[in-house]
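# Predicted model follows, preceded by the sequence.
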Amino acid sequence: MRRKLLILDVALMAAAIYAGVRVRGQMQAAKARQDAFLSRRVAPPASPPLPALPSVPPVLPVDYADIAQKMLLDKSRNSTVVIETPPAPPPEPVPPLPFYHGQMRLPGEGPIVILSETTGAQHQAVHPGETIGPFKLVEATSQQLAFEWKDKIIRKNLDELLDHSGAASAASVAPNARQAATPPPSVPKSQLGPGVDLNPDVKACVPNDSYGDGAEVGGYRKSMTPSPFGVACQWVKVR
């Protein structure tokens, strides 16, 4: 029995030694393969050609126009600069117009208008186209006068240009225009009203008419204005 156990032990020992040798041999072979694999030089493959870069278009102002139109630093979000123009100065007021004292029309000549710049100023005989003060007389009719002032035409009726202050008198006429005359004998006055027609809108005054300045008779108003030749009297149709 002991002999069999001894033989079995020897067999097991021989098997263990054989197995150890085989394992050791396999380990050495594996290590040799590993060393051979690691020491082998592998040529790297050729790199593929790189693709061409896409072309970049040039930068244009229109591409960032929206950013400029909506600036974050501007409360209006608008790049348009608003230029505020100052208000226009008020127009210059028209100076006082000359006073009208009458007019006359001589055959072959234009109208001669008697004007004065201010109340009590010397009377002046002004023809159309001549100036008096800052104004230029451009037109004279039996109803109105037209003045030019700084390229502006001003038209006024004769009644609007009369001096109603009572300060104007024949004494303001230039000395060289005065003429000494003997007063006519007094004749009883009567209320006769307008006389003959001078034009469709003006009638002559009848001598010794007792109507005063500004009286209205038959649709006509009496107008009496001093002139270098005496008091000019006429009846003007009321509009």
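Arrived safely. Numbering: from 1, shown residues only.
# can you map out the strands along the chain?
99-105, 111-116, 124-126, 131-132, 135-140, 144-149, 152-157, 194-199, 202-205, 216-217, 220-227, 230-237 (DSSP state E).
# The ones you listed: lowest mean pLDDT?
Out of these, strand 194-199 stands lowest, with a mean of 75 (criterion: mean pLDDT).
# Given that one, what are its sheet partners and their directions?
strand 202-205 (antiparallel) (DSSP bridges).
# quick one: contacts of the partner strand?
With C-beta atoms under 8 Å, 6 or more residues apart in numbering as the test, strand 202-205 has contacts from 142, 194-198, 220, 222, 233-237. Every residue, glycine included, has its C-beta placed from N, CA and C.
# Now render those residues as CSV, adding neighbour count and distance to residue 63.
Putting these into CSV (neighbours: other C-beta atoms under 10 Å; distance: C-beta to C-beta, whole Å) gives the following:
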residue, neighbour count, distance to residue 63
142, 16, 77
194, 23, 88
195, 15, 91
196, 8, 91
197, 11, 86
198, 15, 84
220, 18, 84
222, 20, 86
233, 18, 88
234, 22, 84
235, 27, 85
236, 20, 79
237, 16, 79
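# Pick the one among these closest to residue 51.
Within the contacts of strand 202-205, proximity to residue 51 (C-beta to C-beta) peaks at residue 142, which comes in at 101.8 Å.
# ok so, going back, of the strands of the chain, which approaches residue 30 most closely?
Short answer: strand 152-157, nearest of the strands of the chain by C-beta to C-beta, at 121.3 Å.
# Output the contacting helices and strands for that closest one.
strand 135-140, strand 144-149 (3 or more C-beta pairs under 8 Å, 6 or more residues apart in numbering; DSSP states H and E).
# please redo it, this time with the cut-off set to 6 Å
Secondary-structure packing of strand 152-157 (3 or more C-beta pairs under 6 Å, 6 or more residues apart in numbering; DSSP states H and E): strand 144-149.
# Can you give me the neighbour number for residue 18?
For residue 18, the count of nearby residues is 10 (other C-beta atoms under 10 Å).
# Tell me how far it lies from residue 24.
Distance of residue 18 to residue 24, given as C-beta to C-beta, to the nearest Å: 11 Å.
# cool, and residue 87?
113 Å.
# So those two - more neighbours on which side?
residue 24 (10 against 6).
# count of residues packed around the residue lying closest to residue 139 once chain neighbours are set aside?
Closest residue in space to residue 139, ignoring its immediate chain neighbours: residue 146 at 3.8 Å, by C-beta to C-beta, 6 or more residues apart in numbering. A count of nearby residues for residue 146, using other C-beta under 10 Å, gives 16.
# Over to residue 131?
Using other C-beta under 10 Å, residue 131 has 12 neighbouring residues.
# Name the nearest residue to it, sequence neighbours excluded.
Using C-beta to C-beta, 6+ apart, the nearest residue to residue 131 is residue 137, at 7.4 Å.
# what are the bridge partners for the one you found, then?
Per DSSP bridges, the residues bridged to residue 137 are residue 147.
# Going along the chain, name the helices of the protein.
Ranges of helices in the chain, per DSSP state H, are 2-39, 65-69.
# least trustworthy helix or strand in this structure by mean pLDDT?
Here the helix or strand of the chain ranked lowest by mean pLDDT, DSSP states H and E is helix 65-69, holding a mean of 71.
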